[in-house]
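Chemist: With the sequence up front, the predicted model follows.
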Amino acid sequence: YPVESIRNFSIIAHVDHGKSTLADRLLEITGAISKTDHNKQVLDKLQVERERGITVKAQSASLFYNHEGINYLLNLIDTPGHVDFSYEVSRSLSACQGVILVVDANEGIQAQTVANFYLAFEAQLSIIPVINKIDLKNADPERVEKQIEKLFDIPRDECIRISAKQGTNVEKVLQYVIEKIPPPQCNTADPLKALVFDSTFDHYRGVIANIALFGGEIAKGQKIVSAHTKKRYEVNEVGILTPNEQPTHKLYAGQVGYLIAGMKEVTEAQIGDTLFLYKQPVEPLPGFKSAKPMVFAGMYPIDQTEYNNLKSALERLTLNDSSVTVHRDSSLALGAGWRLGFLGLLHMEVFNQRLEQEYNMSVILTAPTVPYKAVLSSAKLKKEYGKDEITIINPAQFPDKLSVSEYLEPTVLGTIVTPHEYIGKIITLCQDRRAVQKDMLYIDENRVMLKYLFPLNEIVVDFYDALKSLSSGYASFDYEDAGYQSADLIKMDILVNGNPVEELATIIHRDKAYAAGKLLCERLKETIPRQLFEIAIQAAIGKKIIARETLKAYRKNVVAKCYGGDITRRMKLLKRQAEGKRLMRKIGNVEVPRDAFIRVLKRE
Ligand code: GTP
């Protein structure tokens with residue numbers, strides 16, 4: 001395929017607007033998959049993705065398409081839609097020259113439509129607006145076209161109206177891809193220059209790197225060098241994704257594909273790295289800004305003998321998801337473990353679920369915290385730390401007020417798109433979360449876009465759920481980093497019979513401590529099963545108790561009902577009891593469910 005007949009593109013959209021369905025249709029039209037029901041959302045490979053019906057990890061597929069007598073190679077890179085994964089979106093875009101922007105004909109422009117549009121716009125990509133789900137009874141494509149024109153300055157006649165579900169006009173999307181997206185600007189005659197834009201770990205074959213060739217060609221047997229590590233490798237296999245790996249003889253400039261080159265160590269295939277031929281060095285590509293974790297939590301093995309297994313599972317999974325940061329950590333109560341950084345709470349849950357499903361690992365996770373900062377008060381401390389301010393990602397390391405002249409908290413600029421009837425409630429919610437309004441714009445007669453500056457910790461856990469429920473699901477939300485601001489912070493401990501629950505220690509704004517402490521105690525009371533003795537659940541700031549709940553004693557005898565009769569039933573119940581225990585953690589003499597904090601913080 002000459003470079004002129006290659007197109008590299010991505011589909012971007014708000015969650016559920018139909019990009020996976022459109023991708024499936026494109027794969028069908030080009031013959032990459034057959035038209036059966038088993039093939040729904042073939043690009044969502046991970047088990048968590050199928051279960052949750054969301055795309056977490058971007059996947060690629062090469063499509064072959066004949067248009068007006070010319071054979072084209074169209075490389076489609078699927079991207080996730082949830083706000084936590086916008087890092088994956090910008091990474092995918094770096095391998096593209098254009099995007100299909102999908103907007104639901106019924107819901108119209110949503111918060112992530114806005115965010116994704118700007119990612120593509122700032123990367124100077126060609127944008128093809130597609131209005132999907134025109135088959136729906138309430139579809140109003142004309143209104144959506146007006147929104148697109150008003151907000152993105154794209155003439156309304158450039159939009160394509162489609163139904164990805166029924167296949168209406170999908171062929172036209174492929175034609176637009178060929179006509180409106182430019183081919184990649186590169187040359188096979190140049191020396192090899194390959195961008196690693198993603199990588200996965202295969203238990204048998206080692207690291208599989210997804211690469212985009214910005215110059216030259218690559219084939220099995222060639223010697224390559226990583227610009228990042230300077231290590232040398234011999235290429236074992238190259239190929240394209242259709243969407244399954246299909247080995248090819250070579251990959252050429254402009255193409256997107258995969259490479260296996262005996263990289264065994266997880267650190268060897270750095271995302272954003274440039275690969276070149278041995279003895280033919282090139283100027284490395286700019287690479288990527290590393291993902292910025294927004295939420296930190298401690299992770300510990302339930303049983304310390306599992307430490308090494310968990311360590312290798314973490315190493316492999318973080319190769320697959322390089323946006324997770326890992327630092328070694330340890331705690332008196334929980335033993336040796338790690339402090340992990342995630343892009344958001346959903347990201348953290350998905351990561352945890354993947355550890356369980358793909359690596360069979362059960363872990364203890366601590367309450368999430370955002371990266372706070374403390375400005376050190378004295379010259380002596382500054383000298384001791386070698387810097388003026390320190391970042392606090394662990395409540396256990398919250399520095400004393402005396403050594404700090406000012407605490408700082410991270411903020412984000414949030415975008416909310418909502419039908420106007422919910423504005424009042426949403427404004428109240430935002431004020432309640434200490435947010436400051438920055439903008440308010442009508443995108444049509446009854447839809448409003450609001451911009452607020454939020455303290456990050458106020459939106460990390462349950463803001464999105466609250467917003468959804470007070471707007472009957474109609475408001476959408478996305479956010480971007482907006483730097484730090486001064487804040488009155490304290491550390492709050494939760495005590496169970498006087499013993500601190502390390503997983504639940506939190507750094508919190510002083511004004512919020514009383515209400516939050518009370519709520520945490522109440523919810524923890526519901527989460528801890530009654531035991532043979534009375535349990536006091538308290539919230540404390542230093543030595544001062546600010547809230548208390550009492551859990552009454554209770555005796556539960558699971559085998560009493562069996563009259564000593566049926567031995568198999570008795571064994572079954574005892575086994576279930578023992579399994580339940582494995583999921584418990586002892587705090588003093590009290591047994592607390594291992595996942596207490598997620599349940600406590602999330603209110604199920
Ligand atoms: P994420 O991967 O979670 O970001 O979602 P997505 O944007 O990939 O959306 P997906 O393709 O999973 O579609 C979401 C829902 O919309 C599914 O239930 C689809 O069946 C439905 N859907 C997609 N396209 C159409 C369409 O053209 N018409 C109708 N009626 N429904 C559609």
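Modeler: Received it, and whenever you're ready, just let me know what you need. As the structure is a prediction and not an experimental result, all values here were calculated from the model.

Chemist: Give me the longest helix you can find in this protein.
Modeler: For the chain, the longest helix by residue count, based on DSSP state H, is helix 510-527.

Chemist: In stretch 123-136, which residues are buried?
Modeler: Residues of stretch 123-136 classed as buried under the neighbour-count rule (16 or more other C-beta atoms under 10 Å) are 125, 126, 127, 128, 129, 130, 131, 132, 133, 134. In this view, the C-beta of every residue, glycine as well, is placed from N, C-alpha and C.

Chemist: which one of these is nearest the ligand?
Modeler: Within the set of the buried residues of stretch 123-136, residue 133 lies nearest the ligand; the separation is 3.8 Å, counting by C-beta to the nearest ligand atom.

Chemist: How confident is the prediction for the closest residue in space to that closest one that isn't next to it in sequence, by pLDDT?
Modeler: In space, not counting the residues next to it along the chain, residue 133 is nearest to residue 105; the distance is 4.9 Å by C-beta to C-beta, 6 or more residues apart in numbering. Predicted confidence (pLDDT) at residue 105: the value is 96.

Chemist: and residue 105, how many neighbours does it have?
Modeler: The number of residues packed near residue 105 is 25, by other C-beta atoms under 10 Å.

Chemist: Run through the residues that contact it.
Modeler: Contact partners of residue 105, counting by C-beta atoms under 8 Å, 6 or more residues apart in numbering, are 131, 132, 133, 134, 136, 139, 140, 141, 144, 161.

Chemist: Try it again at 7 Å.
Modeler: The contact partners of residue 105, by C-beta atoms under 7 Å, 6 or more residues apart in numbering, come to 131, 132, 133, 134, 136, 139, 140, 141, 144.

Chemist: And the next helix or strand after the longest helix of the chain, how far out from the chain middle?
Modeler: Under the assignment DSSP states H and E, the closest C-terminal helix or strand after helix 510-527 is strand 535-541. If you compare the mean C-alpha spot of strand 535-541 with that of the full chain, they lie 33 Å apart, counting by C-alpha atoms, centre = their mean, to the nearest Å.

Chemist: Identify the residues contacting strand 535-541?
Modeler: Under the contact criterion C-beta under 7 Å, 6+ apart, strand 535-541 has outside partners 490, 492-497, 513, 517, 520-521, 524-525, 528, 545-551, 590.

Chemist: Buried subset of those, written for PyMOL?
Modeler: Taking 16+ other C-beta under 10 Å as the burial criterion, the selection of buried members of these in PyMOL is written as:
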select buried, resi 490+492+493+494+495+496+497+513+517+520+521+524+525+528+546+547+549+551+590
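
Chemist: thinking again about what came up before, ok, and of the contacts of residue 105, which contact the ligand?
Modeler: 132, 133, 136 (C-beta under 6 Å from any ligand atom).

Chemist: In contact with the spatially closest residue to the first one that is not a sequence neighbour, which residues?
Modeler: In space, and not counting its chain neighbours, residue 132 is closest to residue 18: 4.4 Å by C-beta to C-beta, 6+ apart. By C-beta under 7 Å, 6+ apart, the contact set of residue 18 is 102, 104, 132, 133, 164.

Chemist: tell me the phi and psi of the second one?
Modeler: Spelled out, that is residue 104. In terms of degrees, to the nearest 10, the main-chain angles of residue 104 are phi -70, psi 130.

Chemist: Name the next helix or strand downstream of the lowest-mean-pLDDT helix or strand in the chain, please.
Modeler: For the chain, counting by mean pLDDT, DSSP states H and E, helix 47-52 ranks last in confidence among helices and strands (a mean of 53). For helix 47-52, the succeeding helix or strand toward the C-terminus, using DSSP H and E, is strand 60-67.

Chemist: thinking again about what came up before, using a markdown table, lay out the contacts of residue 105 together with pLDDT.
Modeler: Converted to a markdown table, the contacts of residue 105 look like this (pLDDT from 0 to 100):
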| residue | pLDDT |
| --- | --- |
| 131 | 98 |
| 132 | 97 |
| 133 | 97 |
| 134 | 97 |
| 136 | 95 |
| 139 | 95 |
| 140 | 95 |
| 141 | 96 |
| 144 | 96 |
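
Chemist: Tabulate these (TSV), appending secondary structure and distance to residue 431.
Modeler: Shown next, in TSV, are these (DSSP: H, G, I helix; E, B strand; the rest coil; distance: C-beta to C-beta, whole Å):
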residue	secondary structure	distance to residue 431
131	strand	35
132	strand	35
133	coil	35
134	coil	39
136	coil	35
139	coil	35
140	coil	32
141	helix	36
144	helix	31
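
Chemist: Quick check: the two most widely separated of those residues?
Modeler: Distances among the contacts of residue 105 were taken as C-beta to C-beta; the most separated pair is 132 and 140, at 12.7 Å.

Chemist: what's around residue 318, how many residues?
Modeler: Residue 318: 18 surrounding residues under other C-beta under 10 Å.

Chemist: thinking residue 175 is in contact with residue 67, fair?
Modeler: Yes - with the criterion set as C-beta atoms under 7 Å, residue 175 and residue 67 qualify as a contacting pair; they are 6.4 Å apart.

Chemist: strands paired with the helix or strand where residue 211 lies, and their directions?
Modeler: Using DSSP H and E, residue 211 sits in strand 206-215. Neighbouring strands of strand 206-215 in its sheet, by DSSP bridges, are strand 193-202 (antiparallel), strand 256-260 (antiparallel).
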